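Q: sequence first, predicted model second:
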Amino acid sequence: MGVLPIYYKISIRGEVNSKRVIFADAHSNSLPYSMELLHKKFQDEGYEVIDFICDYNHSGFLTTLKSMFNFMKCYANAKYVIICDYFLPVSSADKRPETVVVQLWHACGMFKKFGYDAEDDISKDYKGFPSKNFDLVTVTSKICEKTYANAFHISENNVKALGLSRTDCFFDETYLQRCKDDFYNTYPNAKGKKIVLWAPTFRGNAGNPILVGKDAIDGLQSKLGGDWFVVTKLHPHFKNVQGSNCSIPTERVLPVVDILISDYSTVIFEYLLFNRPLVLFVPDFNEYYSNRGFYFDYSELPGCIVKDGNELANAIENQFKNNELDKIKTFRDRYLSACDGNATDRIYDEILRLGLGGDSNS
């Protein structure tokens, strides 16, 4: 939108406000949990924290337009801007060099190809360069830095293995116990049972998501029997698709899960922080691999690969009995080495260093 950079320029007033921090997202109407811990950190440190959270795909035109213009006005004098997904307004103008833009990114590790490496990842509605202005992109391990730089078409100096802020909660015993209490209070009939979670990603792009594998999941509870409790959580982009049977957010279900069924979702990376067994249900593997592709050999994942839904129940029971702990450790050391419960503090310190004029290359 050509008018946004003009509005940005006329909104500049004197020096940037060194205590102003913006958290912005165009894909939800509440603060994404990828931002929650860093958001709290800035608040606790006394910063002026301003939120611009608006789901552009499901808001009216005037609501979206108002949100964009209000953001640009605030952006013009902000010291820090934190995002966790593509956010058109932040890249629409040549920002002031004093302003630091931080991309937390919502996906953990590196898995399926994204950004400029994937044909359908960046919406055709985006004009220009959606990763323009990124001063810092945080990733989960050193091995991910080059991949993210290439996918975003930015300098590798701007990508740092500081960890994923949102995974810090998985190292907090109080948080984990609260998740368990909430789950069993909500679903008391799950007590004493083995919890299996189906958490698939979407196919296509966010504006037109496609769900694969639901028919096999619908019959899974009866095949597994009463010793199991099957939970399904669809990707947030499936706002108008019936399928989820649990109202608790996925990140708060993970601490309770005994075995995960997923496909190409990066929720797998977060889940493996718990060292629990994994089943990869991928009935469309050949097609997906041809159309999208991965950054590593799919068989490197520490899980049982299932392509036929009729084999899913047996695979779950077998994998539950034969957890690949050694393979999980190897995978975690390679792709999640910076996820240790201290990522938020490292990211916060790096943001302030950049705000003081620190070189991204140092």
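A: Ah, there it is.
Q: what stretches of the stretch 251-362 of the chain score poorly on pLDDT?
A: Residues of the stretch 251-362 of the chain meeting the criterion pLDDT under 70: 358-362.
Q: what are the ranges of the strands in this structure?
A: For the chain, the strands defined by DSSP state E occupy 17-25, 48-53, 78-83, 100-103, 136-138, 159-160, 194-198, 228-232, 259-262, 278-281, 304-306.
Q: output these in JSON lines; the columns should cover distance to residue 293 and mean neighbour count.
A: To be clear about C-beta, it is placed using only N, CA and C from the backbone, and glycine gets the same treatment. JSON lines is the format used below for the strands of the chain (distance: least, CB to CB, whole Å; neighbours: other CB atoms under 10 Å):
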{"stretch": "strand 17-25", "distance to residue 293": "27", "mean neighbour count": "20"}
{"stretch": "strand 48-53", "distance to residue 293": "32", "mean neighbour count": "17"}
{"stretch": "strand 78-83", "distance to residue 293": "25", "mean neighbour count": "25"}
{"stretch": "strand 100-103", "distance to residue 293": "22", "mean neighbour count": "25"}
{"stretch": "strand 136-138", "distance to residue 293": "21", "mean neighbour count": "24"}
{"stretch": "strand 159-160", "distance to residue 293": "20", "mean neighbour count": "23"}
{"stretch": "strand 194-198", "distance to residue 293": "23", "mean neighbour count": "21"}
{"stretch": "strand 228-232", "distance to residue 293": "27", "mean neighbour count": "21"}
{"stretch": "strand 259-262", "distance to residue 293": "18", "mean neighbour count": "25"}
{"stretch": "strand 278-281", "distance to residue 293": "16", "mean neighbour count": "23"}
{"stretch": "strand 304-306", "distance to residue 293": "16", "mean neighbour count": "20"}
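Q: turn the ones you listed into TSV, columns for distance to residue 214.
A: Listed next are the strands of the chain as TSV, based on distance: least, CB to CB, whole Å:
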stretch	distance to residue 214
strand 17-25	28
strand 48-53	29
strand 78-83	31
strand 100-103	32
strand 136-138	33
strand 159-160	36
strand 194-198	9
strand 228-232	8
strand 259-262	12
strand 278-281	11
strand 304-306	15
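Q: relative to residue 169, which of the ones you listed is closest?
A: Proximity to residue 169 (CB to CB) singles out strand 136-138 among the strands of the chain, at 15.8 Å.
Q: what lies in contact with that closest one?
A: Residues from elsewhere that reach strand 136-138 (CB atoms under 8 Å, 6 or more residues apart in numbering): 100-105, 148-149, 152, 154, 158-165, 343, 347, 350-351, 354, 360.
Q: buried ones from those, can you make that a ChimeraX selection?
A: The command below creates a ChimeraX selection of those among these that count as buried (16 or more other CB atoms under 10 Å):
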select :100,101,102,103,104,105,148,149,152,154,158,159,160,161,162,163,164,165,343,347,350,351,354,360
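Q: quick check: residue 249 vs residue 220, distance?
A: 22 Å (CB to CB, to the nearest Å).
Q: repeat that for residue 279.
A: Residue 279 is 11 Å from residue 220, by CB to CB.
Q: got it, and residue 29?
A: Distance from residue 29 to residue 220, by CB to CB: 32 Å.
Q: need phi/psi at residue 233.
A: Residue 233 adopts backbone torsions of phi -130, psi 110, taken as degrees, to the nearest 10.
Q: related to what we said a few turns ago, compare the strands of the chain and report which one is nearest to residue 320.
A: Closest approach to residue 320 among these (CB to CB): strand 259-262, 5.2 Å.
Q: helices or strands up against that closest one?
A: strand 194-198, helix 267-271, strand 278-281, helix 312-321 (3 or more CB pairs under 8 Å, 6 or more residues apart in numbering; DSSP states H and E).
Q: next, the contact list for the residue nearest to residue 193 when sequence neighbours are not counted, please.
A: Spatial nearest neighbour of residue 193, excluding adjacent residues (CB to CB, 6 or more residues apart in numbering): residue 229 at 4.2 Å. Contact partners of residue 229, counting by CB under 8 Å, 6+ apart, are 187, 189-190, 193-196.
Q: most widely separated two among those?
A: 189 and 196 (14.6 Å).
Q: what about residue 283, neighbour count?
A: Neighbours of residue 283 under the rule other CB atoms under 10 Å: 17.
Q: touching, it and residue 308? I think so.
A: Yes. With contacts counted by CB atoms under 8 Å, residue 283 reaches residue 308, the gap being 7.2 Å.
Q: do you know the pLDDT at residue 200?
A: Turning to residue 200, the model gives it a pLDDT of 88.
Q: so where do the helices sit in this protein?
A: Remark: helices assigned in the chain by DSSP state H are 3-11, 33-44, 61-75, 88-91, 145-152, 173-186, 214-218, 220-224, 250-253, 267-271, 285-291, 312-321, 325-335, 343-355.
Q: give me the angle between the last one and strand 78-83.
A: Interaxial angle, helix 343-355 versus strand 78-83 (axes from the mean of the first three to the mean of the last three CA atoms, to 10 degrees): 140 degrees.
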